[in-house]
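>>> any chance you could fold what I've pasted below:
(one chain, ligands or ions: 1)
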Amino acid sequence: MNRRILVSPSILSADFSKLGDEIKAVEQAGADFLHIDVMDGHFVPNITIGPMIVEACKKIATIPLDVHLMIAEPDRYLEDFHAAGANILTVHPEATHHLHRTLTRIRELGMQAGAALNPSTGLEAVRYVLAELDILMIMTVNPGFGGQSFIPTMLEKVRSAREMADKSGYPIRIEVDGGVAPSTAPDLICAGADIFVAGSAVFLRPPYSDAINLLRSAETQCRTGE
Ligand SMILES: O=C(CO)[C@H](O)[C@H](O)COP(=O)(O)O
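Here you go, the predicted structure:
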């Protein structure tokens, strides 16, 4: 297991009254990406932020913006999020009729393409688009809210996703989102995850550098079986 673990703090758990400072703080604490959860109150029950806020984040952040679209008909907004400064754009196959076309367009625009699977969605949803994928995100909670409990059966799904990605021969990263914490991180790394989205485990556990290092150090526990 030689993959470097990347940490993508989710600003959903940040203090929005001082978002700029929060972004600078997680960057200084060693975050690899900045995770931005876009929710439309339709595909998921919650409503969060749109391209305008992504654009504002881009003015502050120097690390890549990892934008997760939890919205219906994401194809309508790919250009907007690209213009706003997204570096990675992740969509849900459950929300688009033509995933292959969506992923292709994301890459054409110059962004990395991600597909996120709800807990109940099987890996078959992405099997035939692996060539178009940079990141496969396994949702380890039902999308919509921060601070939910990790769904234990998702571990097996992460393992199968890693196997499928490795067999494909494409350099696909496995990102996990939801309930990622020091208690769940070692098993997730052992199962093959290499990008951690973490909202409450970072923003609600200052100092942020300790929180991020704690998640990364789970790698050692996996290697040694501690
Ligand atoms: O997509 C999400 C929820 O739908 C999130 O990224 C969420 O912010 C993760 O939060 P936590 O780390 O607190 O579980």
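>>> tell me which stretches of the protein form strands.
Along the chain, the segments classed as strands by DSSP state E run 6-9, 34-39, 65-70, 88-91, 112-117, 135-139, 173-177, 195-198.
>>> give me whichever of those strands is most buried.
Among the strands of the chain, ranked by average contacts under mean count of other C-beta atoms under 10 Å, first place goes to strand 195-198 (a mean of 28). C-beta coordinates here come from the backbone N, C-alpha and C atoms, glycine included.
>>> pull up the pairing partners for it, direction included.
Within its sheet, strand 195-198 is paired with strand 6-9 (parallel), strand 173-177 (parallel), according to DSSP bridges.
>>> quick one on the thing from earlier: save the strands of the chain as CSV, and put in mean pLDDT and distance to the ligand too.
Shown next, in CSV, are those (pLDDT from 0 to 100; distance: least, C-beta to the nearest ligand atom, whole Å):
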stretch, mean pLDDT, distance to the ligand
strand 6-9, 98, 8
strand 34-39, 98, 5
strand 65-70, 98, 6
strand 88-91, 98, 10
strand 112-117, 98, 8
strand 135-139, 98, 7
strand 173-177, 98, 5
strand 195-198, 98, 5
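>>> would a markdown table of the ones you listed with distance to S17 be doable?
As requested, the strands of the chain are exported to a markdown table (distance: least, C-beta to C-beta, whole Å):
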| stretch | distance to S17 |
| --- | --- |
| strand 6-9 | 17 |
| strand 34-39 | 17 |
| strand 65-70 | 21 |
| strand 88-91 | 26 |
| strand 112-117 | 28 |
| strand 135-139 | 28 |
| strand 173-177 | 24 |
| strand 195-198 | 21 |
